[in-house]
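K.L.:
Test case, fold it:
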Amino acid sequence: MPTNRPVIRGAATALAHTPGMVRYGSKPFREAKAEPEFLAELTRGLWSYDEACRYLPNQVFIGSQAPARLWEVEQPWFDKLADADGGEPPFGHILEERRFLALLACADPFKHVLLRERFWEEMGPVMEAAPLTAPLASRTPALLTDAQMDTELESPNSLPLFTAGEGAPVGVVKTGHSEDEALSASVLLENLCCKVSGTLAVHELLNHVDGLGLGDVDLVLSCSEEAVGDRYQRGGGNMAKAIAEFAGCDLGTGIDIKDFCAAPIPAMVIGASLVESGVFENVVVVGGGSLPKLGMKSLYHLEQGIPVLEDALSAVAVWIGRDDGKSPTVNLQAVGRHPVKAGAALDKQFRELVLEPLRRLEWGVDRLDRVVTEVHNPDITVSAKAGDVAARNYKMMAAMLAMAKEIDKSDIAGFARAKGVCGYAPTQGHIASGFVYVPHALREMAAGDIRNCMLVARASLFLGQMTELTDGMSVLIERNGE
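P.N.:
Numbers count the residues shown, from 1 in each chain. Modelled structure (predicted):
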């Protein structure tokens, strides 16, 4: 008999390759204003869609390669492109930019995104022919003739939309209100990118799992980093409801969960708690892509003559439902919390998030098969002089465990390979948290490779300048029956 014990019944990813959108990342946008020649240099450093599909971290993101493969290939990886196998990706697809831009217009009920007529004439049939995008392209977007487009492009309140391979804009985004910064063209574009990428992840989830239809989704929890609102409530929300509507989850509702980069794990804990309490039967936790973080480290990449690697919007969706007797369980008795008194020191954070939940279960670290924290792609961060984030976290985590006598000091160096994961996720903080590993964890548990996996997320709350605190949360998922 099914119970209300929460399990993870499926997970999926979506990756939209958007090189033409990199110019609207926060850092490139500011650089282009200060130095107009920067855009030409940026364009020369962009990858093609084929190159993005052959990039090993991207293949790991969509499940075509296992994360362990990254331990076997010497870094950096950007100069070691693999052959795409051509098969159906296990977790989700890499969407090309032209279809993504067309979806932006389809997802815009207020007609702020206007597409060039001939662009839509070409893309409309392409959208309708693809199972992933056909359900999302049923509404014809707002279209402009070439002459009308030229007029719109002259407006200071409009942003042109480019694809990396075309000189002329294929569309434009208009401001929502000339006196409202929260409805500026750039903010609307940011929010639409999150909405579309998040919706793609939800549809990938529906396409990759059995037992969940559009009408079965009761609640969508968005753990994305956007701030939907207006001048009176800039972060009012609700991205989750917008994703639910665009995805076609007509019987569901939605709520946004905010906690900077840590938001996915609290969202999973909240979703699992709502399932266990019987309030909702099927909860989908989704994180959409972050446009402002495209090209964050592009200056460093261009200086070194390497590709602009932050050129894709990433998204993850996870289905939490009632116990079906086989799906991995969410252990709500082992939720790691970061109390106010814990402070910001990294070792103290990991003590609260990793060690304390294990002690609550009366487990030793030896019983923990996998622990996954921030797995940012080191190709991006090392070249930008920020180091290997995942490796640094595992080293600090292992040092804390050694001080607590949970492991021997001699085990510190090998801890990352023994219990951890090599970084591979795009530098979009909420995505690179342990959240991104959920599809891999489910696959490894089904194969019998691991019994359990602890997901750890951390947040830099001080970035919002309301507190000097950090935050974080962890949760343990286990193979059913353990």
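
K.L.:
The residue lying farthest from the centre of the chain and residue 123, how far apart?
P.N.:
Computed with C-alpha atoms, centre = their mean, the residue of the chain farthest from its C-alpha average is residue 147, at 37.6 Å. Residue 147 sits 20 Å away from residue 123, going by C-beta to C-beta, to the nearest Å. Just so you know, the C-beta spots here come from the backbone N, C-alpha and C atoms, and that holds for glycine as well.

K.L.:
And for residue 103?
P.N.:
9 Å.

K.L.:
before we move on, what about residue 372?
P.N.:
37 Å.

K.L.:
Compare the two (neighbour count), which wins?
P.N.:
Between residue 372 and residue 123, counted using other C-beta atoms under 10 Å, the more crowded position is residue 372 (26 against 21).

K.L.:
tell me the contacts of the more buried one?
P.N.:
420, 421, 434, 437, 441, 453, 454, 455, 456 (C-beta atoms under 8 Å, 6 or more residues apart in numbering).

K.L.:
One more: residue 60?
P.N.:
66, 67, 69, 70, 424.

K.L.:
can you check residue 166 too?
P.N.:
residue 20.

K.L.:
And for residue 228?
P.N.:
Counted by C-beta under 8 Å, 6+ apart, residue 228 has contacts 191, 235, 236, 237, 238, 239, 242, 256.

K.L.:
now for these, which pair is the farthest apart?
P.N.:
Comparing all pairs in those by C-beta to C-beta, the longest separation belongs to 235 and 242, at 13.9 Å.

K.L.:
Looking at the two, which is more packed in?
P.N.:
residue 242 (25 against 11).

K.L.:
Would you agree the more buried one is in contact with residue 202?
P.N.:
No: contact between residue 242 and residue 202 fails when scored by C-beta atoms under 8 Å: they sit 11.5 Å apart.

K.L.:
Could you pull out the strands in this protein for me?
P.N.:
Taking DSSP state E as the criterion, the chain carries its strands at 6-17, 94-95, 113-116, 142-144, 158-161, 171-174, 219-222, 253-256, 283-287, 312-322, 329-337, 371-372, 452-459, 471-478.

K.L.:
hey, which of those strands is tucked in deepest?
P.N.:
strand 283-287 (a mean of 31; mean count of other C-beta atoms under 10 Å).

K.L.:
and stretch 438-455, average pLDDT?
P.N.:
Averaged across stretch 438-455, pLDDT comes to 98.

K.L.:
circling back to that earlier point, let me have the contacts of residue 228 in JSON lines, extended by pLDDT and distance to residue 345.
P.N.:
Formatted as JSON lines, the contacts of residue 228 follow (pLDDT from 0 to 100; distance: C-beta to C-beta, whole Å):
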{"residue": "191", "pLDDT": "98", "distance to residue 345": "35"}
{"residue": "235", "pLDDT": "90", "distance to residue 345": "29"}
{"residue": "236", "pLDDT": "91", "distance to residue 345": "34"}
{"residue": "237", "pLDDT": "88", "distance to residue 345": "32"}
{"residue": "238", "pLDDT": "95", "distance to residue 345": "35"}
{"residue": "239", "pLDDT": "97", "distance to residue 345": "33"}
{"residue": "242", "pLDDT": "98", "distance to residue 345": "38"}
{"residue": "256", "pLDDT": "97", "distance to residue 345": "30"}
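
K.L.:
What is the nearest of the residues you listed to residue 295?
P.N.:
Checking the contacts of residue 228 one by one against residue 295 (C-beta to C-beta), the nearest turns out to be residue 191, at 18.5 Å.

K.L.:
What are the neighbouring residues in contact with the closest one?
P.N.:
Residue 191 neighbours (C-beta under 8 Å, 6+ apart): 226, 228, 239.

K.L.:
can you check residue 300 too?
P.N.:
Contacts of residue 300 (C-beta under 8 Å, 6+ apart): 383, 384, 385.

K.L.:
Tell me how far it lies from residue 168.
P.N.:
In terms of C-beta to C-beta, residue 300 sits 30 Å off from residue 168.

K.L.:
Quick one: end-to-end distance for stretch 151-166.
P.N.:
One end of stretch 151-166 sits 19 Å from the other (C-alpha to C-alpha, to the nearest Å).

K.L.:
brain fart, stretch 397-413
P.N.:
11 Å.

K.L.:
next one: stretch 210-218
P.N.:
16 Å.

K.L.:
Quick check: mean pLDDT of that stretch?
P.N.:
96.

K.L.:
Make 9 the starting number, not 1.
P.N.:
Fine by me, first position is 9 from now on; the one you just mentioned is stretch 218-226.

K.L.:
Could you give the separation of that stretch from the chain centroid?
P.N.:
22 Å (C-alpha atoms, centre = their mean, to the nearest Å).

K.L.:
All the helices of the stretch 59-208 of the chain, in order from the start?
P.N.:
For the stretch 59-208 of the chain, helices defined by DSSP state H, counting those that start in this stretch occupy the ranges 64-69, 77-80, 105-114, 125-137, 154-161, 193-216.

K.L.:
now these as TSV including distance to residue 297?
P.N.:
Shown next, in TSV, are the helices of the stretch 59-208 of the chain (distance: least, C-beta to C-beta, whole Å):
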stretch	distance to residue 297
helix 64-69	12
helix 77-80	22
helix 105-114	10
helix 125-137	19
helix 154-161	25
helix 193-216	4
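
K.L.:
Of the ones you listed, which is nearest residue 22?
P.N.:
helix 193-216 (3.9 Å).

K.L.:
Can you mark which positions in the closest one are buried?
P.N.:
193-214, 216 (16 or more other C-beta atoms under 10 Å).

K.L.:
Alpha carbons of that helix, as CSV, please.
P.N.:
Presented in CSV, the C-alpha positions along helix 193-216 are these (Å, rounded to 0.1, in the frame of the first residue of the first chain):
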residue,chain,number,x,y,z
ALA,A,193,13.4,45.2,-20.9
SER,A,194,16.5,43.6,-19.3
VAL,A,195,14.6,42.4,-16.2
LEU,A,196,11.7,41.0,-18.2
LEU,A,197,14.2,39.2,-20.4
GLU,A,198,15.9,37.7,-17.4
ASN,A,199,12.6,36.5,-16.0
LEU,A,200,11.4,35.1,-19.3
CYS,A,201,14.7,33.2,-19.7
CYS,A,202,14.1,31.6,-16.3
LYS,A,203,10.5,30.8,-17.1
VAL,A,204,11.3,29.1,-20.4
SER,A,205,14.3,27.2,-19.2
GLY,A,206,12.4,26.0,-16.1
THR,A,207,9.5,25.0,-18.2
LEU,A,208,11.8,23.0,-20.5
ALA,A,209,13.1,21.1,-17.5
VAL,A,210,9.5,20.3,-16.4
HIS,A,211,8.7,19.0,-19.8
GLU,A,212,11.9,17.0,-19.9
LEU,A,213,10.8,15.5,-16.6
LEU,A,214,7.4,14.6,-18.0
ASN,A,215,9.0,13.0,-21.0
HIS,A,216,11.6,11.0,-19.1
